[in-house]
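Q: Sequence first, then the predicted structure, then my questions.
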Amino acid sequence: MVRCREEVERCRKDCLPDAGRLILTMFGGMGSLNDVILYRDRRLLRAENDEFQRQKERLWELARAAVNGVVAWRQVSDQPGRS
């Protein structure tokens, strides 16, 4: 996932579909982003996991849109909570 993050950060607007494809690869296979569950002191962090799931779903939607050419770089960078 670190390699994927570095590739996405280097990406310019003309390679947004490539960045989307890289992000989508983080969701498949063993040890993927879908396998992450947050715990602290052996206790499940329910609220944090719920928020993490919402963020993963949003990331998936944006990556799919980027791959399909539906979203522009400006739209992605203007999402709330992004600097």
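A: It's in.
Q: what residues are up against residue 49?
A: Applying C-beta atoms under 8 Å, 6 or more residues apart in numbering, we find residue 49 in contact with 37-38. Just so you know, the C-beta spots here come from the backbone N, C-alpha and C atoms, and that holds for glycine as well.
Q: which element is it on?
A: Assigning secondary structure by DSSP states H and E places residue 49 in helix 46-67.
Q: mind listing what's buried in that helix?
A: 59-60, 62-63, 65-67 (16 or more other C-beta atoms under 10 Å).
Q: again, but for stretch 18-31
A: 19-24, 26.
Q: what pLDDT, on average, does that stretch get?
A: For stretch 18-31, the mean pLDDT works out to 88.
Q: Next: stretch 56-73.
A: Averaged over stretch 56-73, pLDDT sits at 83.
Q: which non-adjacent residue is nearest residue 26?
A: residue 33 (4.6 Å; C-beta to C-beta, 6 or more residues apart in numbering).
Q: So the one you found sits against residue 24, correct?
A: No: applying C-beta atoms under 8 Å as the test, residue 33 and residue 24 come out as separate, 10.0 Å apart.
Q: where do the strands sit along the protein?
A: 39-40, 43-44 (DSSP state E).
Q: Rebuild those as CSV, extending it with distance to residue 52, mean pLDDT and mean neighbour count.
A: Converted to CSV, the strands of the chain look like this (distance: least, C-beta to C-beta, whole Å; pLDDT from 0 to 100; neighbours: other C-beta atoms under 10 Å):
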stretch, distance to residue 52, mean pLDDT, mean neighbour count
strand 39-40, 12, 97, 9
strand 43-44, 12, 98, 9
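Q: Next, format these as TSV and append distance to residue 50.
A: Shown next, in TSV, are the strands of the chain (distance: least, C-beta to C-beta, whole Å):
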stretch	distance to residue 50
strand 39-40	14
strand 43-44	11
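Q: ok, residue 70 to residue 27 distance?
A: For residue 70, the distance to residue 27 equals 18 Å [C-beta to C-beta, to the nearest Å].
Q: let me redo that: residue 37
A: For residue 37, the distance to residue 27 - C-beta to C-beta - is 15 Å.
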